[in-house]
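Asker: Fold the following and give me the result.
(4 chains)
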There are 4 protein chains.
Amino acid sequence: MKLDFVIKNGRVVDPSREIDQVMDIAIRGNHIVDLPDDWECARVIDASGCYVFPGLIDYHAHVYGSGSNVGVHADYLLATGVTAAVDPGTAGSSNFGSFYGGTVVPSKVRIKSYLCMYGSGQIDYNIIEKFDRAEYRMDDIRRTVEAYRDNILGFKLRMSKGVATGIDAMDATRELADELGLGICVHTSNPVTPLKEVADRLKAGDIYCHCYHGWGDETILDDSGRVKDFVLAARERGVLMDAANGRMNFSIRVCRKALEQGFLPDIIASDWLDDKYNMSNTAKSLTFVMAKYLELGMPLAEVVRCVTETPAKAMKMEGKIGTLQAGAYADVAIFRMIDRTAVHRDCENEVFKTHRLLVPQMVFVDGEPAFCQADFALMD
Amino acid sequence: MKLDFVIKNGRVVDPSREIDQVMDIAIRGNHIVDLPDDWECARVIDASGCYVFPGLIDYHAHVYGSGSNVGVHADYLLATGVTAAVDPGTAGSSNFGSFYGGTVVPSKVRIKSYLCMYGSGQIDYNIIEKFDRAEYRMDDIRRTVEAYRDNILGFKLRMSKGVATGIDAMDATRELADELGLGICVHTSNPVTPLKEVADRLKAGDIYCHCYHGWGDETILDDSGRVKDFVLAARERGVLMDAANGRMNFSIRVCRKALEQGFLPDIIASDWLDDKYNMSNTAKSLTFVMAKYLELGMPLAEVVRCVTETPAKAMKMEGKIGTLQAGAYADVAIFRMIDRTAVHRDCENEVFKTHRLLVPQMVFVDGEPAFCQADFALMD
Amino acid sequence: MKLDFVIKNGRVVDPSREIDQVMDIAIRGNHIVDLPDDWECARVIDASGCYVFPGLIDYHAHVYGSGSNVGVHADYLLATGVTAAVDPGTAGSSNFGSFYGGTVVPSKVRIKSYLCMYGSGQIDYNIIEKFDRAEYRMDDIRRTVEAYRDNILGFKLRMSKGVATGIDAMDATRELADELGLGICVHTSNPVTPLKEVADRLKAGDIYCHCYHGWGDETILDDSGRVKDFVLAARERGVLMDAANGRMNFSIRVCRKALEQGFLPDIIASDWLDDKYNMSNTAKSLTFVMAKYLELGMPLAEVVRCVTETPAKAMKMEGKIGTLQAGAYADVAIFRMIDRTAVHRDCENEVFKTHRLLVPQMVFVDGEPAFCQADFALMD
Amino acid sequence: MKLDFVIKNGRVVDPSREIDQVMDIAIRGNHIVDLPDDWECARVIDASGCYVFPGLIDYHAHVYGSGSNVGVHADYLLATGVTAAVDPGTAGSSNFGSFYGGTVVPSKVRIKSYLCMYGSGQIDYNIIEKFDRAEYRMDDIRRTVEAYRDNILGFKLRMSKGVATGIDAMDATRELADELGLGICVHTSNPVTPLKEVADRLKAGDIYCHCYHGWGDETILDDSGRVKDFVLAARERGVLMDAANGRMNFSIRVCRKALEQGFLPDIIASDWLDDKYNMSNTAKSLTFVMAKYLELGMPLAEVVRCVTETPAKAMKMEGKIGTLQAGAYADVAIFRMIDRTAVHRDCENEVFKTHRLLVPQMVFVDGEPAFCQADFALMD
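Answerer: Alright, predicted model coming up:
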């Protein structure tokens, strides 16, 4: 069989199949294929000493670059190893068409979305949202969902002070999500109501995002530092705990305590905004965020699962992305793990150091090389 | 010479050259050409009994359809006879890129813009704008202007209650406009400050829009019904009086009084929003709005000037559009004038009847037929 | 119930439900709804004396305007009463992404497609296609189909002299269509092989297009003027006979003979290219083409079926478009039928006169007015 | 002064100002500024041990990804250090609108273009072009140039066997270029006419591309290996020698001989097609191509000039890009130079080894970080 690429000798970590071993990955067209006994290939990539993961999925990344003041050009994600992303409500019913046509369709990174319950979306830091039932234009939202159902996973709302005014915003969202068979992605930092009220309204597959935040009156921890029962109950019901990091939505103190109790994230995400990459100590390319969980002792395969298998399921693309099984889209990310100290600063300005970093070497999306560092994949 | 289209026997009204007579118009490629003595043409349009105008220019039309809840799909304008439009601030610095790439570039109607001083623009009816100097992100605006200088004519702000908080918003806009050599388009309905303060800050080429509004504490008329001196002075300085109609921005009472005093509009515009066409009695396809001024006795050529020559100059496209002179782009609109009563209702719910309507028969944009009614231009 | 529009007193012709009677049509949001007993509506349209059809579907219209020399800006179709269209292979695997992102997504008219078997598509009149199996890049085509399966109905090829070189092109297309579960749309004018070879390879749902052409060595008629058996057999199998008109693909002689034998078209289409509208006598806005079939005695409801119910099924959108039943998208076209002689000229330069024309008055797409003639829907 | 980024301690090579020294670069908004005495900056990048260049310009890169089978997604260039590119005729008059709207406008990399003289452009490898005067649709080309004059630098044609049929194609292009005041970019590999005929028709600012090709009957070298007089004369007149590499357009033998005689390139370009990056030994990310010239002894500053200052002038963006002077757009590329053997194979399958590579660390475009490797710019 003629193959387009064979990635040889890399350490493949594919949690979807519980694989963590040195093996070869074969690409034909835009798909992963099983390496046949008899193959030829013009481009054999030597990945010795590297990790080979399914293309990473960033489940919380603001990528409506051209239509907002907070979003980032989506395809910048590719060179960080991210090949699929979910936009958490940057666009609402008033501008989703523009987001879809101008960002989702032309981007090489695969994008799905939560639709903001507020018509204008979260396009500006100083937009004044009022997440009240009275402000929701339900018919506009229904129409948007009908037009873009393949793309919209559910609704985004922020149950934060200065945004929502009360639990009624959540109730109205819940009703509409149930009516339309969609999910909910709820921002929980700086909460405007008791978090129990929010968590209790979430169902299996919904996203409790910024789960390790430390901002505002309440976190997932009680006064004694234990993860609260309603949070554990939510997870038990299948609510996904999303450690979307962001600038203000991560507390190393909360995270450490939670992990000590075995409360690991289901999803690790960046919350990319305009402060992307790793140059700011609060910022957050996805691998930069992953470094924290590795430092805290979470096994590599579990960290990778939070950016591959689990978000792939939540995107309803299980078996298509977030996996290296035959038949999946050929989204592959190759990294070198290096020893390097990096300093992170959290929302409370606490410093946290990590000592290993994943450095992207080559990234495939849909079978096509989307990034290759200049000293990688040199042939002869 | 081989021509692409010849429009014969129509009554050509072209205020840019003070022409109002039956004559023929020739199109070659995307330009108007002088009809040569020796020509051949496969497509000769018989416009007997019709008016032939330069393609109409709607200087105030919200056309950011895909990215807002107020805008309309731009190319709907074409079949109403409009071939060029100016968007009055639907987009701001946060989403102008999306407006440009998704609306300005792909549309067949020619579009220029005023950039909203508020980052998110006027994309939603219930967006809460705060036109304060403190809210203006001047560097973002400067950067947007630099990137899209060919398209942006100036800045839009609304000096209305519930939007701006005071004259400081106007001052900050003035300063930036002067710094960058741009104009200002100011919404004057339901004013938040004395209108004199607003008008006095406008310069030649700036747009005083909704000049015949009747909404709020103050209009252009004083208690005795006379046009105020500062309004006359503004016009004297070269400020353009834009009778953008909209849903709430036109009072037949104010308009009639003003016209009686000879205070005619410089620009007639629709203020297209989602209630377009003529089916609502407050609404406003451009010819539907033009009918009012014809009814009030304004000469046809002057009405046409307000939707061709004058807005073309304001768009900095004099000689290119808004005219049928040789060398201009072949933007042409052919109408039948019919006797037909239509009922209009203004912002104060007053009823006003008109008795003549311009009905589009065929529209060319850039030399290409963009609309042709099914019973027009039948050949043999 | 609050309705958005009620269209009253029109003569509704909806072949999908065998309706032809005066009745009212109600729109709520972007859907047709049954008119409830108790309703209110701010916009009641008086369609007395008019026909009300489902929005017309043009199953053969080249709408890849920005990326070809043959296509037309898609949204020009709207003001002719057409609310959905199928592009017959203007784009191939090399440029389908551009067609999809630049035309399908931003257009208001609904668009589905046949993918050209040739990589570059039919973007230029003088492109030299070679529809050989050897030229087909099957893997590129498979990948394009996978990426745009919701949009691509099947494959387009032209079995014409100067394009295909032999029946092998058809065979290769057939194999791929069967493999992928897709249809075929085959251009039959100026045939390069015996038409029987082409027709015999078509299956139920495939499109035999330009069925009344008179160009080249062979038509659907035998020497005695009878429709050939293999053509009748193809239709019997469910192959759809598409009377796409075009510039060179319609012979009044062939059409008249066929209709006399009861061989009516399944689909009537325009084959819009850059000579659109009605000003050329060979040209072809959809209603202009429909006039021919009315003139030849085909019942109005059957003509309407060929541009609504049948193409809707072929687009796999039965019940969603091409019908005015409750739950369908609110795509509606309102026409006046006028007595007016029009001259048509066919590919053999034969003249044919029609005496009735359908003139668009108002068009809704997805519940939104996309066109309204200036003297229609005037309210009081 | 508040700065957005300061890049410290890097070795700045900016040929536009003959600078090659360790110094700091300051960015405010989207511009380079002189570092003031008194500044503050939240993001200081430590570029010790790195080279800091103006963002690289790739003057010959096929970036019409969505509308062709040869082009690449434009923004993939960014992570290779390229911030501006010129597309050499992938689009022609038939599809330039699609290229502009779908690639030029939404891309972050700055793009200008040569318009292909053939309507369909060079969108497919197996498209059969006929670069004859008779095939050129001059009016379509004129119209395209008028609509996109800011973007179109001139005309592209390929004077190759199987493409052009003779020197008449060149003459017709020359005439049109002179008429419109544009340049010419001519592909010279596998020439169809004596190269002297081609070269003699080029003027100052025109592009003689693939100057070191070894394909076909003739190269720039005579039988004794000397650069031919008419080539030297062309350069003397100001014709720019573009060493666009491509897959088949570079011969190490020709290049080495030419450089030995002091015949250096004016422009070094990649000719990106679908085989991009460095994994193929014939392929050609821009820095991979630059490595060849460094290996052959060309001074680093001269190599950098060929991808910054000179192409910036040819793009008519002198002072705006290709320089790090104050006032320029903040397009900056930071590289590490590493010792690493890489194997290149040329069009004649000759092997050539290079020993140093420039590896991108961080790239800014318009003041925004567009790429940052995961182990770079770590702060504390």
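Asker: And the helices in chain A, which stretches?
Answerer: Using DSSP state H, the helices of chain A run over residues A:96-99, A:138-147, A:167-180, A:195-199, A:229-237, A:252-260, A:286-295, A:300-305, A:309-314.
Asker: Relative to A:F288, how far out is the nearest residue to A:V307 once chain neighbours are set aside?
Answerer: With C-beta to C-beta, 6 or more residues apart in numbering or on different chains as the measure, A:L56 is the residue that lies nearest to A:V307, at 4.6 Å, once sequence neighbours are left out. All C-beta atoms are positioned from the backbone trio N, CA, C, and that covers glycine. From A:L56 across to A:F288, the span is 12 Å (C-beta to C-beta, to the nearest Å).
Asker: Single out the most deeply packed of the helices of chain A.
Answerer: Most buried of these, by mean neighbour count (mean count of other C-beta atoms under 10 Å in any protein chain shown): helix A:96-99, with a mean of 29.
Asker: Now do that helix: distance to the chain's middle.
Answerer: How far helix A:96-99 lies from its chain's middle: 20 Å, per C-alpha atoms, centre = their mean, to the nearest Å.
Asker: is it anywhere near chain D?
Answerer: No: for a cut-off given as C-beta under 8 Å from any C-beta of the partner chain, helix A:96-99 has no contacts with chain D; the smallest distance is 11.9 Å.
Asker: Wondering if that helix reaches chain B at all.
Answerer: Yes: Helix A:96-99 comes into contact with chain B (C-beta under 8 Å from any C-beta), by way of A:97-99.
Asker: Output these as CSV; include the columns pLDDT.
Answerer: Putting the residues of helix A:96-99 next to chain B into CSV (pLDDT from 0 to 100) gives the following:
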residue, pLDDT
A:G97, 97
A:S98, 97
A:F99, 98
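Asker: on that earlier part again, how about CSV for the helices of chain A, with distance to B:K2 added?
Answerer: Output for these, formatted as CSV (distance: least, C-beta to C-beta, whole Å):
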stretch, distance to B:K2
helix A:96-99, 42
helix A:138-147, 45
helix A:167-180, 58
helix A:195-199, 71
helix A:229-237, 74
helix A:252-260, 75
helix A:286-295, 60
helix A:300-305, 67
helix A:309-314, 60
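Asker: Which among these is found nearest to B:G162?
Answerer: helix A:138-147 (21.7 Å; C-beta to C-beta).
Asker: Mind telling me which residue of the stretch 151-300 of chain A is nearest chain B?
Answerer: Among residues of the stretch 151-300 of chain A, the one nearest chain B by C-beta to the nearest C-beta turns out to be A:D274. It sits 10.9 Å away.
Asker: hang on, A:A234 packs against A:E197?
Answerer: No: between A:A234 and A:E197 there is no contact under C-beta atoms under 8 Å: 11.7 Å.
Asker: before we move on, the earlier item: how about the helices of chain A, which one is nearest D:G181?
Answerer: Relative to D:G181, the nearest member of the helices of chain A by C-beta to C-beta is helix A:96-99, separated by 36.7 Å.
Asker: can I get the CA coordinates of that closest one in PDB?
Answerer: Output of helix A:96-99 as PDB, limited to C-alpha atoms (Å, rounded to 0.1, in the frame of the first residue of the first chain):
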ATOM      1  CA  PHE A  96     -22.800  33.400  15.000                       C
ATOM      2  CA  GLY A  97     -23.200  33.500  11.200                       C
ATOM      3  CA  SER A  98     -20.100  35.700  11.000                       C
ATOM      4  CA  PHE A  99     -18.100  33.500  13.300                       C
END
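Asker: how many other residues sit next to A:R149?
Answerer: Counted by other C-beta atoms under 10 Å in any protein chain shown, the residues lying close to A:R149 total 12.
Asker: Over to A:H355?
Answerer: 12.
Asker: residues in contact with it?
Answerer: By C-beta atoms under 8 Å, 6 or more residues apart in numbering or on different chains, A:H355 lies in contact with A:295, A:339-342.
Asker: Not counting sequence-adjacent ones, nearest residue to A:F5?
Answerer: The shortest distance from A:F5 to any non-neighbouring residue, by C-beta to C-beta, 6+ apart, is to A:I27 (4.2 Å).
Asker: pretty sure the one you found contacts A:D366?
Answerer: No: here A:I27 does not reach A:D366: they are 9.9 Å apart, not a contact under C-beta under 8 Å.
Asker: Pull up the gap between A:A164 and chain D, please.
Answerer: Counting by C-beta to the nearest C-beta, to the nearest Å, the gap from A:A164 to chain D is 31 Å.
Asker: What's the separation between that residue and A:L35?
Answerer: Relative to A:L35, A:A164 is positioned 52 Å away (C-beta to C-beta).
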